[in-house]
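> My questions concern the predicted model and sequence given below.
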Amino acid sequence: MILHRYFARRFLMTFMGVFAVFFLIMIFIDLTEQFRRHGRSDATMVEIVTLSLLNIPQGVYQILPLIMILATIALFLSLSRSSEMVVTRAAGRSAIRALTAPLIVALCLGGLAVGVLNPIVASTSKAYELRSGALRGDSSVVSIGSSGLWLRQGSAEGQTVIRAQSANLDGTILSDVTFITFSPEGQPVQRVNAEMATLVSGAWQLTTAKNWRFGNNNVPEATAVLQDTLAIPSSLTPDQIRDSFGTPSSIPIWELPAFIARLQSAGFSAQRHLVWFHTELALPAFLVSMVMIGASFTLRHQRGGRTGLMVLFAILLAFVIYFIRNFALVLGENGQLPAILAAWAPPLAAMSLSFGILLHNEDG
């Protein structure tokens with residue numbers, strides 16, 4: 001147990017060191033990008049730095065597998081350079097048993113990433129999109145609630161809140177829909193109820209609509225107008241509607257199952273969110289596979305030579321597995337693979353492959 005604790009502590013410290021290096025690098029890169037995007041706007045230095053800090057967690061979260069493979073390589077190269085692994089084997093411990101502690105640490109780090117870092121990334125990503133959209137003047141948003149689909153579109157004349165009971169897959173056809181328009185001062189000026197609304201050529205085409213006008217001394221119900229068709233200008237596009245609710249990473253994993261259920265009840269396809277949910281659940285296994293890949297090429301004494309070549313092979317194999325994982329996720333999002341298979345097959349296959357290499361190197 002003392003040896004396992006020692007390896008676990010060494011691996012954790014190595015991981016934190018690599019994590020800190022990448023974190024600092026990404027801060028400088030993201031600051032440069034934020035200055036490029038918002039340098040000509042009225043954004044202050046504090047706002048740009050805040051945007052960068054809100055965007056950093058998502059970037060770091062995406063490169064966790066890369067940080068894990070580099071930390072593994074650094075750990076075992078250090079152990080080989082100091083001959084600690086040779087002493088461990090001479091004491092009767094196999095290299096595979098010595099790998100137990102780093103694997104447990106990787107599994108725990110993956111669990112913390114999914115359970116703690118994922119909600120933080122979702123919250124900061126949402127705050128980043130809101131602040132960035134405000135600086136760009138983009139005020140169109142959409143959300144899925146328990147009472148149906150809610151959208152908001154903005155223009156110089158004011159804001160319009162849209163509520164629909166259900167919609168088609170791309171959000172361009174809404175059923176049992178209500179439009180409430182507000183003036184720039186925040187006062188309601190119009191309400192329209194319709195059986196159906198279709199987004200066509202920059203406007204919502206309503207059928208069987210009832211139109212109420214506010215802001216005068218008359219009773220709105222007394223002046224309400226029934227119309228077979230009605231057009232309401234809109235700045236929304238189908239791509240904006242899909243992208244607004246179609247980013248699974250902006251939803252905490254604890255809320256994702258309920259959101260998927262609401263999305264399906266509203267008439268949208270939840271395949272993308274379902275694949276993302278299983279991908280997040282499989283993240284600890286994927287990080288474990290990164291550790292096994294790194295160990296399978298570097299868990300050897302450096303005097304054997306070809307150390308640089310082995311490190312290169314480990315990194316290349318990790319990138320290949322990462323590419324296969326992303327490709328499987330695309331197939332899963334398109335419905336060509338089941339969500340569970342798309343999310344879990346790549347890390348399990350990588351673990352099996354690296355375990356085979358470890359057995360070959362250990363037992364010949």
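Arrived safely, thanks for sending.

> where does the stretch 151-300 of the chain dip in pLDDT?
Flagging of the stretch 151-300 of the chain using pLDDT under 70 yields the residue ranges 155-156, 169-170, 216-217, 239-240, 242-246, 265-268, 300.

> Now do the helices in it.
238-245, 256-265, 271-281, 283-298 (DSSP state H, counting those that start in this stretch).

> Quick check: which of those helices is buried the most?
Ranked by mean neighbour count, the helices of the stretch 151-300 of the chain are led by helix 283-298 with a mean of 25 (mean count of other CB atoms under 10 Å). Just so you know, the C-beta spots here come from the backbone N, C-alpha and C atoms, and that holds for glycine as well.

> Can you give the distance of that helix from its chain's centre?
Distance, stretch centre to chain centre, for helix 283-298: 21 Å (CA atoms, centre = their mean, to the nearest Å).

> what packs against the very next helix or strand once past it?
Per DSSP states H and E, the first helix or strand lying C-terminal to helix 283-298 is helix 307-333. Under the contact definition 3 or more CB pairs under 8 Å, 6 or more residues apart in numbering; DSSP states H and E, helix 307-333 sits against helix 64-81, helix 271-281, helix 283-298, helix 339-363.

> The ones you listed: which one's closest to residue 258?
For the helices and strands packed on helix 307-333, the distance to residue 258 is smallest for helix 271-281, at 11.0 Å, taking CB to CB.

> now the angle between helix 256-265 and the closest one, please.
Per axes from the mean of the first three to the mean of the last three CA atoms, to 10 degrees, the angle that helix 271-281 makes with helix 256-265 is 170 degrees.

> could I get helix 271-281 in CSV with only the CA atoms?
This file holds the C-alpha atoms of helix 271-281, laid out as CSV (Å, rounded to 0.1, in the frame of the first residue of the first chain):
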residue,chain,number,x,y,z
GLN,A,271,-30.0,12.0,-30.2
ARG,A,272,-27.2,14.5,-30.0
HIS,A,273,-27.8,15.1,-26.3
LEU,A,274,-28.1,11.4,-25.6
VAL,A,275,-24.8,10.7,-27.2
TRP,A,276,-23.2,13.5,-25.2
PHE,A,277,-24.7,12.2,-22.0
HIS,A,278,-23.2,8.7,-22.5
THR,A,279,-19.9,10.3,-23.7
GLU,A,280,-19.6,12.1,-20.4
LEU,A,281,-20.4,9.0,-18.4
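
> what residues does it touch?
114, 118, 246, 248-249, 251, 253, 256-257, 259-260, 263, 329, 332-335, 339-340, 342-344 (CB atoms under 8 Å, 6 or more residues apart in numbering).

> Of the residues you listed, grab the buried ones for PyMOL.
A single PyMOL command selects the buried members of the contacts of helix 271-281 (16 or more other CB atoms under 10 Å):
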select buried, resi 114+118+246+248+249+251+253+256+259+260+263+329+332+333+339+342+343+344
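
> Return the set of buried residues in stretch 94-111.
Buried, per 16+ other CB under 10 Å, within stretch 94-111: 95, 96, 98, 99, 101, 102, 103, 104, 105, 106, 109, 110.

> Let me know the average pLDDT across stretch 314-325.
For stretch 314-325, the mean pLDDT works out to 92.

> Could you pull out the buried residues of that stretch?
For stretch 314-325, by 16+ other CB under 10 Å, it's 314, 315, 317, 318, 321, 322, 325.
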